[in-house]
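Chemist: Take a look and give me a structure for this.
(2 chains)
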Protein chains: 2
Amino acid sequence: MTTETTPASTTSWNGWGDPALAKDLPLAVRALLPTILGRIRRPEPPTALADVVVAASALTEQDRAGLISIVGDDALHSDDETRIRHSGGRSTPDLLRLRQTHQAVPDAVVSPGDHDEVLRVLGFSSEHDIAVIPFGGGTSVVGALAPERGGHRAVISLDLRRLSGLLHFDEISGEARFLAGTTGPEAERLLTAHGFELGHFPQSFLYATLGGFASARSSGQNSAGNGRFDTMVTALRVATPTGEIALGGAPGSAAGPDLMRLFLGAEGILGVITELSVRVHPLPETRRYEGWTFPDFERGADALRLVAQLATGPTVIRLSDEAETGIGLAQHGRVGKALAKGCSAVTVFEGDAASVAERHERTARVLTGAGGRPTGPASAEEWARGRFGAPYLRDALLDHGAFCETLETAATWADLPRLKAAVTDAIRSGFGEHGSKSLIMCHISHIYPTGAALYFTIIGNLRGEVLDEWNRIKAGVNDAILAHGGTISHHHGVGRDHAPWFSREVGEGGIRLLRAVKDELDPSGIMNPGALLPAVARARS
Amino acid sequence: MTTETTPASTTSWNGWGDPALAKDLPLAVRALLPTILGRIRRPEPPTALADVVVAASALTEQDRAGLISIVGDDALHSDDETRIRHSGGRSTPDLLRLRQTHQAVPDAVVSPGDHDEVLRVLGFSSEHDIAVIPFGGGTSVVGALAPERGGHRAVISLDLRRLSGLLHFDEISGEARFLAGTTGPEAERLLTAHGFELGHFPQSFLYATLGGFASARSSGQNSAGNGRFDTMVTALRVATPTGEIALGGAPGSAAGPDLMRLFLGAEGILGVITELSVRVHPLPETRRYEGWTFPDFERGADALRLVAQLATGPTVIRLSDEAETGIGLAQHGRVGKALAKGCSAVTVFEGDAASVAERHERTARVLTGAGGRPTGPASAEEWARGRFGAPYLRDALLDHGAFCETLETAATWADLPRLKAAVTDAIRSGFGEHGSKSLIMCHISHIYPTGAALYFTIIGNLRGEVLDEWNRIKAGVNDAILAHGGTISHHHGVGRDHAPWFSREVGEGGIRLLRAVKDELDPSGIMNPGALLPAVARARS
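Modeler: The predicted model follows:
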């Protein structure tokens, strides 16, 4: 368990990840942009950190004294930089906001050191009408971390990264219990010492916490082999404004509804996950990478469907559409004649040598039978090397005045083709309404027996009030998703950005259920107000 | 969709299943009983159906008229036989109760014909202070169907078997939407016409409904290959006293908590599942059966753990302990010297020929490596033939004056050995306190990467007030389960019998969550009062 009480500040305060890894656009992409988007104009440079203007903290001296009495005075942070660093996540709207001079920030950042401190901070905040935004790695891309007061007197960001460490490791059962603020890399480091891994690698992996993975129902790139994060969680400990909840334990229980599931995906509106047990597995002995090409997306998607339905066993499988395949080439500056047309796919197999060989052989048989052709390991290896690097490219594009964002959904295999077409149309016509061109790339990122996830990357050229224009385009996309059988999110979550569409997706009945649970655990409505549900501030009963 | 409005009455009214299949104890077992249990005394013969005494219905003429206005007069049943047939499930306590003269029964049985009728019956009952016990196949073994009024004026059994049929079949996605009263065999018949199966085969399969499988979080014998029933469900439509809820749809959603899960395992306390979508798969081309023997249970359990953790892919895998292995032999009258010692296991592989061959080979490699020895297909084939027949044996034992019941739990692999020992001790000492002997057999019935389910079959000799004595023994067993990391149920559910231990398992926090949801959907507390939660009757707000 770590002991420092200052939230990590080695990451970029207004861009993605490690500032040392930020880089300018590759020349090839820079040359390509005008062709695709027309003339783009370099925007005003971002405001420097020292020039950002934030409002004075709304916390009173009594508030501060009360919080300090719980966490200690080195765990309450009121300086501008720390508040700015906890003002949101890393969606493109977040990044554009962080480039501005005036920024909305939480009134303080509190870094509790253990479960009991979390519990007491929530109790104190509930009594004193202070909203609480749980903060893990800070990588939300759906506005789940916005410092919304929701009618309360003030709002604090609750940085959970001091709750880090491995509490228990059970080699026989393949289970590990962690403090929920443990980051992805730290969890893997601790497990590696036992010869095990969690194997959950979303793009946020390097920064996000296990509690964040659980709260947002994260899916990693190895989900075909290792499952979604919510399927890995076997037990939870949660601090709420009205007390502790501990759920889970024995596998395969039929003892009532699986109430633990209420907290997986709750994004901090019910309380704070402080500990969790997860399924782990031995470190893979070997990895096999293989790239594939398909004549078109339809045949590629059919092949991935068969892989999922026949459970042939890849650890990773992804299929890019024609646009993404083409750009992928340009981006990496390779010619690769064999790949120039059609759609490329990536497979990775992890495990012991015999299992990898068998699963590869079965999968290859299915992919080949469905019209795929293997292209060797290079493209898959390259994908694996660059897997955490893509967000840096977005910062570089924004620097050059191009708009870049990603969005995602999932649907049944039967609905997938129409959904992909409808989302593509909505993006294109949305940009078109602003007189802008757009480049739309898509890949199948996660597969299930009954359907798959579609992940879109969009580069466009917005010239006016970029945030307003994008919000209008995104609303049209979200409408199209719900109209064509998609879910409003496969793994980004709901946050504040998707909340209106989440309400439509689960209907009045679903909202009633969630509201009833929230009213029970958080009667004064302080927990992440405005995420998932509209904020309702209530005097504590 | 079926059109008859009379609940099925071809099953035994006071025993298991089809009366034509009932049979006396095999001679070998009859000879063995005194050796194992000491002298047993044949009990009084059961009361004949015509001699059973039930109270007059508490429904008023106005109640009857109101219900008839919703479902029609041929769908409201007030005759004694129909009420007796809906008075409970098929636990041993149920069977002993059904042998008595005075029986508690619902005040009427209502058989709605569609979702809207269910919705209106629940609304009417809520307004008129009538408790409602949802009734599918009637196979509960945990008291989930007891006609408890819970402080209300009357209680009706809501027989859902008219809601039968396939609403939609999606071959591409491998999904089927059913009315929830469809029985297991009817669902399989409808899917077979499309070349598909659901592949969910719990012991209740022949009688239970899909809605019952969902409501009780059922697990089938093919769960190693096909998963638990709750993992098959992709969407639900639910009628509650306060309106309809529809949830689910796209696979792999991260749009908030998976609220559908609240109804999987709710056992009718929140509402009635009227429709559900489930994952289905092509009918297996081939099946491969293979029996195994292990030197002892510990080594066998280790082998099954490796099969689960390495995902070698059996469709069925079960391991009997030494006692069950020995009795299995005696029961079938075979000598089978090779099997006389140690523990026997059963594996079945289903799928296309290539997949079956591969998964068999992988699994056999692991089982052999862990000390197992294949014994050919005979024992596995015999298990498959007899898989739905065991409950008939229980009736025959009861007829002879022996007590027979089953119970089950699950735990992590690490906890499993101590849990098995503790449960065995609790059973043995429980019977011992009544001066009785017991025969305790156990098998691992379902496996997961992190743990497994233990299924116990108990034959004993209770001489006094059998129900009281058994309740005392069972309470001790349940205490032992919770004290040793087990869940109070892996697949039988909670009902009324396990409710106090369910409360302890999920804690005050879990109960608060469930109560909050119930109060929202069923504010007057009419839905299955006393199941899962203590009954609370409230005036409708």
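Chemist: Low-confidence stretches in chain A?
Modeler: Applying pLDDT under 70 to chain A picks out residues A:1-9, A:329-340, A:539-541.
Chemist: 90 instead?
Modeler: A:1-10, A:23-36, A:38-44, A:326-341, A:386-391, A:434, A:462-464, A:535-541 (pLDDT under 90).
Chemist: Buried residues in the longest helix belonging to it, which are they?
Modeler: In chain A, with assignment by DSSP state H, the single longest helix is helix A:499-521. Across helix A:499-521, burial judged by 16 or more other CB atoms under 10 Å in any protein chain shown covers A:499, A:501-503, A:505-506, A:509-521. Where C-beta positions appear, they are placed from N, C-alpha and C, glycine not excepted.
Chemist: Which elements pack onto it?
Modeler: helix A:466-483, strand B:243-248, helix B:499-521 (3 or more CB pairs under 8 Å, 6 or more residues apart in numbering or on different chains; DSSP states H and E).
Chemist: please redo it, this time with the cut-off set to 6 Å
Modeler: When contacts are defined as 3 or more CB pairs under 6 Å, 6 or more residues apart in numbering or on different chains; DSSP states H and E, helix A:499-521 packs onto helix A:466-483, helix B:499-521.
Chemist: ok, how many other residues are close to A:Gly184?
Modeler: 23 (other CB atoms under 10 Å in any protein chain shown).
Chemist: Repeat that for A:Arg228.
Modeler: Around A:Arg228 there are 21 other residues, counting by other CB under 10 Å.
Chemist: I figured it hits A:Ser219, correct?
Modeler: Yes - the pair A:Arg228 / A:Ser219 is scored as a contact, 4.8 Å apart, by CB atoms under 6 Å.
Chemist: Strands of the stretch 301-450 of chain A, start to end?
Modeler: For the stretch 301-450 of chain A, the strands defined by DSSP state E, counting those that start in this stretch occupy A:316-320, A:343-351, A:373-376, A:403-412, A:438-447.
Chemist: Next, format these as JSON lines and append mean neighbour count.
Modeler: Putting the strands of the stretch 301-450 of chain A into JSON lines (neighbours: other CB atoms under 10 Å in any protein chain shown) gives the following:
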{"stretch": "strand A:316-320", "mean neighbour count": "27"}
{"stretch": "strand A:343-351", "mean neighbour count": "26"}
{"stretch": "strand A:373-376", "mean neighbour count": "14"}
{"stretch": "strand A:403-412", "mean neighbour count": "25"}
{"stretch": "strand A:438-447", "mean neighbour count": "23"}
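Chemist: closest to chain B out of the ones you listed?
Modeler: strand A:403-412 (3.8 Å; CB to the nearest CB).
Chemist: outside of that closest one, which residues touch it?
Modeler: With contact meaning CB atoms under 6 Å, 6 or more residues apart in numbering or on different chains, strand A:403-412 is reached by A:92, A:394, A:397, A:419, A:450-451, A:453-460, A:462, A:481, A:485-487, A:490, A:492, B:173, B:250-252.
Chemist: filter those residues to the buried ones?
Modeler: Counted by 16+ other CB under 10 Å, the contacts of strand A:403-412 give A:92, A:394, A:397, A:419, A:450-451, A:453-460, A:462, A:481, A:485-487, A:490, A:492, B:173, B:250-252 as buried.
Chemist: Can you flag which of the residues you listed belong to strands?
Modeler: A:451, A:453-460 (DSSP state E).
Chemist: and which of these is nearest to B:Gly351?
Modeler: Nearest to B:Gly351 among those: A:Gly451, at 21.1 Å, using CB to CB.
Chemist: returning to that earlier point: what's the farthest-apart pair in the ones in strands among the buried ones among the contacts of strand A:403-412?
Modeler: Farthest pair in these, by CB to CB: A:Gly451 and A:Gly460, 27.6 Å.
Chemist: Phi, psi for the residue lying closest to A:Leu49 once chain neighbours are set aside please.
Modeler: Distances taken as CB to CB, 6 or more residues apart in numbering or on different chains place A:Trp13 nearest to A:Leu49, at 5.6 Å, with adjacent residues excluded. As for A:Trp13, its main-chain torsions (degrees, to the nearest 10) stand at phi -80, psi -20.
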